[in-house]
Every structure is written in structure tokens, then in C-alpha cells.
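Participant: Fold the following, please.
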Amino acid sequence: MKPPVARLVAGALLTVIAAAHGSAQTRPPRQRTYANPIDIDYRYNFEQKNEGISYRSGADPVIVVQRGDYYLFETIGDGYWHSRDLGTWRHITPSRWPLTDIVAPAALSVRDTIYLLPSTTSPLPILMLTQPTSGRVEFYNRLLPWLPLARAREADVLAKPDSVQPGPWDPAFFHDPATERWFLYWNSSNAYPLHVVELDKTKQLAYRGTPKWLFGLEPEKHGWERFGQDHRDTTTRPFIEGSWMTKHAGRYYLQYGAPGTEYNVYATGVYVADDPLGPFTYAPYNPVAYKPGGFVQGAGHGNTFQDVYGNWWNTGTPWIGVNWNFERRIGLHPAGFDSDGQMYVDTRFGDFPHWLPTKAWGTSEELFTGWMLLSYGKSTTASSALDGFPASSVTDENPRTFWVARQNRPGEWLTIDLARVYDVNAIQVDYADYKSGLYGTDSTVVTQFRLRASVDGVDWKTVADLSRERRDRPNAYIELLKPTRARFVRYEHIHVGAANLAVSDFRVFGNGPGPHPATPAGLAARRDRDERNARIMWQPVPGVVGYNLRWGISPSKLYQTYQRFADQGTMLELRALTVGQAYWVAIESFDENAVSTLSSAVQIP
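Facilitator: Take a look at the predicted model:
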């Protein structure tokens with residue numbers, strides 16, 4: 001689901017303009033780890049300028065690999081990003097780009113070319129990049145024809161299969177290397193299903209034949225496809241969108257986003273087929289990417305790709321939604337296919353530090369660093385605070401609450417007391433946009449600060465110095481050069497481009513010296529009369545930070561994770577189940593030291 005303004009502006013005929021190439025930037029020291037949301041210079045959005053609504057955003061990501069490098073395309077990015085390691089990203093301003101920017105693009109790398117098509121409601125060109133590090137963007141197809149059978153939606157009911165929406169909106173290219181056939185999948189609608197049409201490579205990817213209807217949502221069977229926070233909106237028809245096709249071991253995995261980007265339950269589902277045109281079968285293990293709990297919430301509408309070592313990854317769109325419903329970020333999670341061909345996306349500790357890839361891994365769990373969250377609920381002090389925006393907001397793991405300093409000036413500070421000495425490995429500073437007054441990102445929009453650490457609150461040492469940073473880093477993730485012993489961690493402000501200094505979360509990661517916490521006892525589950533819902537209960541473990549409920553379609557396939565903090569209680573209503581499908585669940589606890597042993601799995605009867 002996309003902002004109404006984006007739907008309108010992208011429907012106009014694409015106009016391109018010449019622009020300066022992205023300037024070279026000094027690369028920071030190579031980091032070994034990353035944390036979600038990924039650390040890029042999310043651009044300020046212009047779409048709500050006339051309403052006076054200012055916010056940064058990133059959404060609908062596609063990461064492609066070209067000549068061993070990574071390129072990230074997304075919504076309203078004023079260009080795209082380049083990385084050599086999936087951790088450090090450089091924004092590139094292209095030589096030509098739509099005046100109204102790009103929303104939810106199709107991007108695909110085939111041999112020496114990246115093909116790029118924005119979402120649209122009327123014919124647009126297909127763009128191509130053969131030298132993407134240079135910023136040079138050229139036309140591949142100067143103008144696509146109108147979509148066959150396209151006409152406006154006729155009613156707020158599922159349309160008849162002799163029509164498709166004007167578009168394509170939320171498009172996704174697919175090239176089948178075994179047959180050299182090309183396809184386009186698309187739609188973002190709560191009235192139409194996903195569509196597919198074959199493309200003719202001999203005619204610069206013009207449409208071949210007529211579109212075919214595939215499948216829509218069935219929220220009456222699939223609990224996770226219900227709209228709203230925690231799937232509780234019973235009146236809004238959910239949206240199917242953000243398609244992506246992956247071929248693995250001869251089978252075709254067609255992914256889609258649902259039920260809507262504005263909530264914590266935005267997820268990715270998958271249907272599977274033996275042919276790119278179907279017929280497609282709903283996978284029993286859905287949703288395939290799901291992250292409704294924790295700091296970064298939401299994992300829908302992204303893409304699945306292999307890194308240069310052959311490891312699988314999945315991107316997605318976490319939700320913030322403070323200034324505007326479509327204020328979002330980008331998440332990156334390890335993924336894969338098991339020996340039975342089941343696709344999975346690993347969101348366990350999905351907003352804690354993970355290792356960047358340097359080789360082929362055996363399992364996705366190898367990527368979790370084991371650095372635990374040290375800052376949750378800890379006491380804070382600040383140099384100043386506006387009424388209603390206290391410093392305590394920065395340790396609540398909620399991007400929708402934030403601290404605001406009285407003035408945006410150098411020298412403002414924010415300190416966390418971790419309550420004891422820990423080994424600190426990494427720190428993430430997540431800014432908020434409170435009356436920022438910006439509608440575009442220019443050279444003044446940079447993020448500069450220092451991080452200091454202390455054992456006693458008296459003697460301080462600098463552990464990170466971004467005083468000369470030339471990028472905007474709304475979700476700045478800093479891996480320390482070496483573990484640092486600290487009880488107190490301080491943010492010292494230098495500059496942000498926004499009118500106000502606002503920080504939503506100041507997250508500290510590392511480890512304490514204590515033993516692993518106990519495995520929660522008393523795990524029990526009960527399915528409701530409505531089989532889409534289940535209640536899961538367990539006994540509390542004193543002193544832990546939180547729990548991971550790990551669930552799936554068999555005791556050996558617990559690929560899904562629902563994270564809960566300890567102060568949220570010891571009962572979870574899981575509303576994401578499929579009618580007629582059996583499930584199992586297990587639980588683990590975690591604290592500042594480590595993670596417990598996983599409990600035995602119990603069936604959800």
C-alpha cells in the first residue's frame with residue numbers, strides 16, 4: 001500500500017532530468033557487523049510538503065548484485081545506493097531520474113545490465129544501468145505500451161478477471177535463466193489479485209499476450225493476512241502487494257507483501273509453482289518473513305537475493321508511522337531454503353547486531369553475534385528535554401516515542417546508566433523527526449556526534465567520533481573497534497540538519513559476565529475456536545529482558561520468531577495461523593548476558 005500522492009505522481013508520464021553524479025566519500029573503517037534498520041542516509045520525503053509533514057523514509061527495497069557489488073533501490077530514494085559488503089552504503093545521484101522520484105521499483109540484474117521500472121499507473125520507460133557505480137542511467141525501452149486489459153477499478157469489490165488495474169504498480173521483473181523467458185509480476189490492491197504477464201525480450205521487454213490473474217488474499221483462512229495492528233482490524237480489506245519471484249531447485253517461489261505497510265504485522269508470504277505462470281499453491285509455512293515484535297517491526301515488501309558467497313537474504317519494510325503512515329525504514333534478514341524446499345527468513349534477534357557475510361554459512365543462526373541488548377529500560381539523563389519528550393524514551397525500544405532536546409545545538413548530551421559494568425561492542429543511535437522542517441536531503445543534512453563511555457561516570461573516553469561525518473545517518477550503527485568496559489554510555493551532539501534534535505532510541509549492545517538465563521518452564525498453547533488464533537503461555541523467568549517464541553509447522557521447522565519483552569507479560573495471542581494447518585512452538589529467554597537453551601516444542605492443539 002503506497003501513499004496517495006505517490007500513486008498520483010507516479011501515474012504521470014516519466015520525465016527525466018540530468019543531475020550531478022554522487023560525489024565520492026571517504027569510506028569508514030570496515031565493520032564486521034550490521035543492525036536493522038540498515039544504516040543508510042534515508043532521504044527526506046517531499047510528498048507531504050504542502051501539508052507541512054516532514055520525515056525521512058525508506059521502503060519497498062530491492063537489492064541486486066552486479067559484478068560482485070550490491071545495489072539498493074527503494075521508494076523516494078533520490079537515486080540508489082552502492083555497497084561492497086552489505087554494511088557500508090554510498091548514495092549515488094544518477095545522471096537521469098524521474099522528476100517525481102521512484103516508488104516501489106522493479107529492479108533486476110541480468111548479466112551486465114540492471115533493468116529498472118518504477119511503479120506507475122500509465123506507460124513509462126524501462127531504465128537500465130550498465131555502469132551503476134558511475135551513476136549513469138540510460139533508457140532501455142523509451143516507453144512501454146499500455147497494459148493490456150487495463151482499466152480503472154469499477155467497484156470496491158474484487159474485479160472481474162477480464163481486467164487489470166492501470167499500471168504496473170509494485171512491479172517485479174523475473175528472468176528465468178533456464179528458458180531465457182522474461183515475466184513481470186505486479187499489483188498493490190485490496191480489490192485485485194497479483195497479476196503476471198510475459199515480456200518479449202526481442203521487443204525491449206514489451207508485453208507479450210495478456211495479463212493473467214494469479215491469487216489474492218484469503219484472510220478468512222490465513223490469519224496473518226488480516227489488516228491492522230496485530231491483525232485486529234476487522235473492517236479494512238487487506239492489501240496484496242510487493243511481489244518478488246525466486247527460482248530455487250527448479251521451483252518458483254512467488255512472494256508477496258500483506259496485509260498493509262502501516263502496522264507491525266506487515267509480512268511476506270509465498271506461493272509455489274512448477275512454472276512461472278502457475279498454477280501456484282499456498283505454502284503451508286506462511287508467512288515466510290514475519291517480525292511483529294521488538295524494536296524493528298514489519299518484514300513485508302522486499303526481495304530475496306543471494307550474496308557473492310551464495311548465501312540467501314531477504315529485505316523488507318519495517319514501519320515507524322509517527323509523522324505519516326508511510327514513514328518507514330529498510331530491514332535485512334538472512335534467509336534460505338531447507339532440505340525439503342521450504343523457504344524461510346530468519347528474524348530471530350532481527351534488530352540485534354549480526355555478522356556481515358564473508359563466506360558461505362551453514363545456517364542463518366551463525367550470523368547472530370550473541371551481543372545482547374544492554375540498554376532496555378535503563379535509566380537516562382540528558383542535558384535538556386522538551387516537556388512531554390523525556391530522555392527515558394530512548395531506552396524503551398519503541399521508535400514511536402522519543403527524546404527532544406530543548407535546543408538543537410552542539411553540546412547537548414544524553415547518557416544511559418547500564419546499572420553495572422558490561423563489555424560494550426556496538427551502539428545504535430536512532431533519530432526521530434520532530435518538526436524537522438525538511439523535505440529534501442542536501443549537503444547540510446549530515447549527522448555528527450561523539451560517543452563516550454565510562455566505568456564510573458567520572459572518567460570518560462571517546463569510543464566513536466563522527467564529528468566529521470558527511471552523511472545523514474538516521475539509524476547510525478557503530479561497531480566499536482574493540483569491546484569497551486562501560487557502565488555509562490553518552491551521546492554528545494554536534495549536528496543534525498533537522499530543526500530539532502530528537503532521538504527515538506539509544507541502543508547499546510554487548511555482554512555481561514553472568515550465566516545463561518533459565519529456559520522458561522510451563523510452556524502451553526491453546527488454539528481458539530477461530531483456528532487463526534492461538535494463546536501461548538509460559539512461566540516468567542526472573543530478571544530476563546525478554547523471550548523469543550519460536551514457532552512453525554513442525555518441531556524441526558521453528559523458523560518464525562515472535563519477540564516479547566519481559567514487561568509485556570507471559571501470554572501471547574498469536575493471530576497469524578492458517579486454518580487447518582498444524583503448528584508447534586518453543587520458547588527461549590534472553591538477558592544482558594546470553595540466550596537460554598530452547599525449550600522442547602509443544603504442539604498448538
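Participant: the helices in the stretch 51-200 of the chain, which residues?
Facilitator: Across the stretch 51-200 of the chain, reading from the start of the chain, there are no helices by DSSP state H, counting those that start in this stretch.
Participant: any low-confidence regions in it?
Facilitator: Per-residue confidence for the stretch 51-200 of the chain (pLDDT under 70) gives these ranges: 152-159.
Participant: residue boundaries of the strands in it?
Facilitator: Using DSSP state E, counting those that start in this stretch, the strands found in the stretch 51-200 of the chain span residues 56-57, 62-66, 69-73, 80-83, 89-92, 96-98, 106-110, 113-117, 126-129, 138-141, 172-176, 181-186, 195-200.
Participant: Now for residue 40: which residues touch it?
Facilitator: When contacts are counted by Cβ atoms under 8 Å, 6 or more residues apart in numbering, residue 40 touches 58, 72, 81, 89, 91, 330. In this view, the C-beta of every residue, glycine as well, is placed from N, C-alpha and C.
Participant: didn't the second one look like it was pressed against residue 79?
Facilitator: Pointing back at residue 72 there. No. Taking contact to mean Cβ atoms under 8 Å, the distance of 10.1 Å between residue 72 and residue 79 leaves them out of contact.
Participant: which of the two has more neighbours?
Facilitator: residue 72 (24 against 20; other Cβ atoms under 10 Å).
Participant: Find the nearest non-adjacent residue to that one, please.
Facilitator: Spatially, and ignoring its direct neighbours in sequence, residue 72 is nearest to residue 81 (4.2 Å; Cβ to Cβ, 6 or more residues apart in numbering).
Participant: quick one on the thing from earlier: just the buried ones among the contacts of residue 40, please.
Facilitator: Among those, the ones that count as buried by 16 or more other Cβ atoms under 10 Å are 58, 72, 81, 89, 91, 330.
Participant: about what we covered before: can you list the contacts of residue 40 in TSV and add distance to residue 40?
Facilitator: Supplementary listing: those in TSV, determined by distance: Cβ to Cβ, whole Å:
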residue	distance to residue 40
58	7
72	7
81	6
89	5
91	7
330	7
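Participant: Return the member of those residues nearest to residue 359.
Facilitator: Within these, the smallest distance to residue 359 is 21.2 Å, found for residue 89 (Cβ to Cβ).
Participant: So what's the residue count around residue 408?
Facilitator: By the measure other Cβ under 10 Å, the count of residues near residue 408 is 17.
Participant: pLDDT score assigned to it?
Facilitator: If you check residue 408, the pLDDT there is 98.
Participant: if I look at it, how far off is residue 499?
Facilitator: The gap separating residue 408 from residue 499 is 7 Å, by Cβ to Cβ, to the nearest Å.
Participant: now residue 116
Facilitator: Separation of residue 116 from residue 499 (Cβ to Cβ) stands at 34 Å.
Participant: Of these two, which one has the most company?
Facilitator: The residue with the greater number of neighbours, taking residue 116 and residue 499 and applying other Cβ under 10 Å, is residue 116; the counts read 25 against 14.
Participant: Identify the bridge partners of the more buried one.
Facilitator: Per DSSP bridges, residues listed as beta-bridge partners of residue 116: residue 107, residue 127.
Participant: contacting residues around it?
Facilitator: By Cβ under 8 Å, 6+ apart, the contact set of residue 116 is 73, 102, 105-107, 126-129, 137.
Participant: List the contacts of residue 58.
Facilitator: For residue 58, the contact set (Cβ under 8 Å, 6+ apart) comprises 37, 40, 42-43, 74-77, 328-330.
Participant: Looking at the residues you listed, which is nearest residue 425?
Facilitator: When the contacts of residue 58 are compared against residue 425 (criterion: Cβ to Cβ), the nearest one is residue 37, at 18.7 Å.
Participant: Tell me which stretches of the stretch 201-350 of the chain form strands.
Facilitator: Counting by DSSP E, counting those that start in this stretch, the stretch 201-350 of the chain forms strands over residues 206-213, 241-248, 251-258, 267-273, 281-282, 304-306, 312-316, 331-337, 343-345, given from the N-terminal end onward.
Participant: For residue 595, which of these is the nearest?
Facilitator: Nearest of the strands of the stretch 201-350 of the chain (Cβ to Cβ): strand 331-337, 16.8 Å.
Participant: buried set for that closest one?
Facilitator: When neighbours are counted by 16+ other Cβ under 10 Å, the buried residues of strand 331-337 are found to be 331-337.
Participant: Check stretch 121-139 too.
Facilitator: Applying a neighbour-count criterion of 16+ other Cβ under 10 Å, one finds 121, 123-129, 132-133, 135, 137 buried in stretch 121-139.
Participant: Would you work out how far apart the start and end of that stretch are?
Facilitator: Using Cα to Cα, to the nearest Å, the gap from the first to the last residue of stretch 121-139 comes to 19 Å.
Participant: Closest to the centroid, which residue in the chain?
Facilitator: Central residue check for the chain by Cα atoms, centre = their mean: the C-alpha nearest the mean position is that of residue 331, 2.7 Å away.
Participant: Next, the contact list for that residue, please.
Facilitator: Residues in contact with residue 331 (Cβ under 8 Å, 6+ apart) are 36-38, 291, 296, 298-299, 302, 315-318, 350-351.
Participant: Between these, identify the one with the most neighbours.
Facilitator: The most crowded member of the contacts of residue 331, judged by other Cβ under 10 Å, is residue 316 (32 neighbours).
Participant: Bridge partners for that one, pull those for me.
Facilitator: In this structure, residue 316 has beta-bridge partners residue 331, where bridges are defined by DSSP bridges.
Participant: Could you report the neighbour count for the closest residue to residue 360 other than its chain neighbours?
Facilitator: Computed as Cβ to Cβ, 6+ apart, the closest residue to residue 360 that is not its neighbour in sequence is residue 309, at 4.7 Å. By the other Cβ under 10 Å criterion, the neighbourhood of residue 309 contains 10 residues.
Participant: Against residue 375, how distant is residue 309?
Facilitator: The gap separating residue 309 from residue 375 is 32 Å, by Cβ to Cβ.
Participant: Likewise for residue 304?
Facilitator: According to Cβ to Cβ, residue 304 and residue 375 sit 32 Å apart.
Participant: quick one on the thing from earlier: give me the pLDDT for the residue nearest to the centre of the chain.
Facilitator: What the model reports for residue 331 is a pLDDT of 98.
Participant: just the strands of the stretch 51-200 of the chain: most buried one?
Facilitator: Each of the strands of the stretch 51-200 of the chain was scored by mean neighbour count; the highest is strand 56-57, a mean of 26, by mean count of other Cβ atoms under 10 Å.
Participant: Any idea how far stretch 443-457 is from the middle of the chain?
Facilitator: Between the centre of stretch 443-457 and the centre of its chain there are 26 Å (Cα atoms, centre = their mean, to the nearest Å).
Participant: Report the buried residues of it.
Facilitator: Of the residues in stretch 443-457, those scored as buried under the neighbour-count criterion (16+ other Cβ under 10 Å) are 445-454.
Participant: picking up where we left off before, could you dump the strands of the stretch 201-350 of the chain to TSV with distance to residue 171?
Facilitator: As requested, the strands of the stretch 201-350 of the chain are arranged in TSV below (distance: least, Cβ to Cβ, whole Å):
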stretch	distance to residue 171
strand 206-213	12
strand 241-248	8
strand 251-258	13
strand 267-273	17
strand 281-282	22
strand 304-306	16
strand 312-316	16
strand 331-337	21
strand 343-345	21
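Participant: between the ones you listed, which one is nearest to residue 438?
Facilitator: Judged by Cβ to Cβ, the one of these that comes nearest to residue 438 is strand 331-337, at 23.7 Å.
Participant: Kindly calculate the angle that the closest one makes with strand 62-66.
Facilitator: Here strand 331-337 runs at 70 degrees with respect to strand 62-66, directions being taken by axes from the mean of the first three to the mean of the last three Cα atoms, to 10 degrees.
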